[in-house]
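A.B. asks: Structural data only, the sequence is not supplied:
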């Protein structure tokens, strides 16, 4: 999404990225970014919470109109209603959501990607 946003911006169309992976989106250097501190897959608000979703969308439109310069990041300011437990599950070393088989497959894919990159195939 971030790279597509940059491409569209380079061709004269202003964009706003609404996202949850702040480090990744900012690293890509998008022009305008509305950061929502929610689990991945829910950057536009919690399921069924229309008021929250509309609020986030309004903030994105406001950022599109009033961003002071390029590479502007704003925080939406919302809190996930079920608390921050999702952060512990995602960002902890033990990653309790991932069993040993899943982890082994992920590490194998990661190693394959490194090998392909070294060979210039990626």
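C.D. replies: Here it is on my side, so go on. Treat the numbers as computed from the prediction; the structure is a model and nothing was measured.
A.B. asks: measure the spatially most central residue of the chain to residue 118 for me?
C.D. replies: The residue lying closest to the centre of the chain (C-alpha atoms, centre = their mean) is residue 21, at 3.0 Å. Counting by C-beta to C-beta, to the nearest Å, the gap from residue 21 to residue 118 is 26 Å. Where C-beta positions appear, they are placed from N, C-alpha and C, glycine not excepted.
A.B. asks: Please, where are all the helices along this structure?
C.D. replies: In the chain, the helices defined using DSSP state H lie at 2-10, 22-28, 50-66, 85-91, 100-118.
A.B. asks: elements contacting the last one?
C.D. replies: What that stands for is helix 100-118. The contact analysis (3 or more C-beta pairs under 8 Å, 6 or more residues apart in numbering; DSSP states H and E) places helix 100-118 against no helix or strand.
A.B. asks: The spatially closest residue to residue 53 that is not a sequence neighbour and residue 16, how far apart?
C.D. replies: Nearest-residue entry for residue 53: residue 45, 3.7 Å, with adjacent residues in sequence omitted and distances by C-beta to C-beta, 6 or more residues apart in numbering. In this view, residue 45 and residue 16 are 15 Å apart by C-beta to C-beta.
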